[in-house]
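Undergrad: Turn this into a model:
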Amino acid sequence: IRRVDGMEEQKPFRAFVNRDYSKGVEPRFEAEPMPVRLEGILTPEIFKETINKINTFFDAAEAHTSALYWRNFANCLVGYVADFCVANPYDAHLKAMSSYVTEQNASVFNPRGLMLVNPLDRGLRVIEITNLPGKAVILEKTNL
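TA: Sure, this is the predicted structure:
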């Protein structure tokens, strides 16, 4: 660890947030506990809020609504040609989640010298949080 202008620069590291299978096989990630490597860099509240928001995007994408059933029924009738013309609701939720990850990186993670990797880039297996090379990490004070 090296001091840079009152902040500490750390060696490269990766922290992983694993899948949560407690509610089945739908995409969902563990909001607790926060990875130890992130302690002092992120507050547990920010971490939990970010993971829970990502989970809500997947919950919405996996929701079985009557509109989804009608859409699938209509697709069967037209031989799934409608998929080429109309956006898939699941994909729309995934795009919204990707936009959220980008927004969180810009506003929360990058200023702290971190990068939240889109779970789609890791095959929905894990959420990866890595530090940015050459960026100073802002250490937050925690009440211990």
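
Undergrad: Give the helix, strand or coil label for Ala15.
TA: Secondary structure for Ala15, judged by DSSP: H, G, I helix; E, B strand; the rest coil, is strand.

Undergrad: Which residues does it form beta bridges with?
TA: Applying DSSP bridges to Ala15 yields these beta-bridge partners: Ile129.

Undergrad: mind listing what it touches?
TA: By C-beta atoms under 8 Å, 6 or more residues apart in numbering, the contact list for Ala15 reads 35-38, 128-130. Any C-beta I mention is one placed from the backbone N, CA and C, and that applies to glycine too.

Undergrad: likewise Met97?
TA: Neighbour list for Met97: 54, 57-58, 61, 118-120 [criterion: C-beta under 8 Å, 6+ apart].

Undergrad: quick one: buried residues of the host helix or strand of it?
TA: Element membership of Met97, judged by DSSP states H and E, is helix 89-104. In terms of neighbour count (16 or more other C-beta atoms under 10 Å), helix 89-104 has its buried residues at 93-94, 97, 100-101, 104.

Undergrad: I'd like those written out as a markdown table, with pLDDT and distance to Gly24 added.
TA: Shown next, in a markdown table, are those (pLDDT from 0 to 100; distance: C-beta to C-beta, whole Å):
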| residue | pLDDT | distance to Gly24 |
| --- | --- | --- |
| His93 | 93 | 17 |
| Leu94 | 93 | 19 |
| Met97 | 95 | 19 |
| Tyr100 | 97 | 23 |
| Val101 | 96 | 23 |
| Gln104 | 96 | 26 |
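
Undergrad: farthest-separated two in those?
TA: By the measure C-beta to C-beta, His93 and Gln104 form the most distant pair in these, at 16.3 Å.

Undergrad: does Leu120 really touch Ser99, like I thought?
TA: No - Leu120 is beyond contact range of Ser99, at 12.0 Å (criterion: C-beta atoms under 8 Å).
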